[in-house]
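have a look; sequence and predicted model below, questions after that.
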Amino acid sequence: MSYAYLLKYIVIGDTGVGKSSLIMQFTQEVFRDKHDITVGVEFGAKVIKINGQSVKLQIWDTAGQEDFRSIVRSYYRSTAGALVVYDITRRDTFKHITRWVEEATNNGNSTLTFMLIGNKSDLESQREVSYEEGLQLAKEHNMLFIETSAKTKHNVEQTFCQTAVTILDKVKNGEI
Ligand code: GDP
Ligand code: MG
């Protein structure tokens, strides 16, 4: 399939927040309850349409490398979007966001577009991090913000597409 743009994303955040599940739901439209331990960096790809143009998203999953600073610099090369994920039912994963953002900022290029993702929004009764706290942190670091559920598909498509819209706007405005 031909496309007008190829955009590379990297998905980062603590183990178990749902990075692989979000990618799988977006690219393959499936959800698994089991946690697969994958070693190495894998990627999924999908072509989406934005303003009538085909955009291919190449999404790098950092499976098994969720240690701060262990993600090698080369993965960030030519990356346009950083999706930084926490689990709304685990405050510790939210507390670590700043460090993940720092790592991406230090290794990525200066035009990297950040999307902060509060995943597992279907587990409302177990929520530890409010929507407002997520929004506030996103503002502080100049990130987009969204809450998702890889399980119910809530906002999954929007997450990947809205990031692309923002990146393409920057391209249009000559910022990238
Ligand atoms: P990763 O380590 O960040 O890649 O996390 P995984 O995608 O492997 O997910 C970790 C666990 O959380 C798995 O058991 C998933 O089934 C579960 N999970 C992921 N996303 C969601 C979600 O949105 N809602 C619920 N309820 N569970 C989820
Ligand atoms: Mg994973």
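It's in. Ligands and ions are numbered 1, 2, ... in the order given.

near ligand 1, which residues of the protein?
15-21, 32-33, 35-36, 63, 119-120, 122-123, 149-151 (C-beta under 6 Å from any ligand atom). Just so you know, the C-beta spots here come from the backbone N, C-alpha and C atoms, and that holds for glycine as well.

narrow those to just the buried residues.
Neighbour counting over these (16 or more other C-beta atoms under 10 Å) leaves V17, G18, K19, S20, S21, A63, N119, K120, D122, S149, A150, K151 as the buried ones.

out of the residues of the chain next to ligand 1, which are inside strands?
Cross-referencing the residues of the chain next to ligand 1 against strands under DSSP state E gives N119.

circling back to that earlier point, can you flag which of the buried ones among the residues of the chain next to ligand 1 belong to helices?
Among those, the residues falling in helices (DSSP state H) are K19, S20, S21.

right, and the last one touches K34 too?
No: shown here, S21 and K34 do not form a contact pair, counting by C-beta atoms under 8 Å, at 10.2 Å.

what lies in contact with the top helix by length along the chain?
Counting residues, the longest helix found in the chain (DSSP H) is helix 156-172. If you take C-beta atoms under 8 Å, 6 or more residues apart in numbering as the criterion, helix 156-172 is touched by 5, 7, 9, 22, 25-26, 46, 48, 50-51, 55, 57, 59, 80-81, 83, 111, 113, 115, 117, 144, 146, 148-150, 176.

now a PyMOL select for only the buried ones of these.
Selection of buried members from these for PyMOL, criterion 16+ other C-beta under 10 Å:
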select buried, resi 5+7+9+22+25+26+48+50+55+57+59+80+81+83+113+115+117+144+146+148+149+150
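
and the contacts of helix 156-172, which of them are in helices?
Using DSSP H, the members of the contacts of helix 156-172 that fall in helices are L22, Q25, F26.

wait, which of these is closest to Y75?
Nearest to Y75 among the ones in helices among the contacts of helix 156-172: L22, at 17.4 Å, using C-beta to C-beta.
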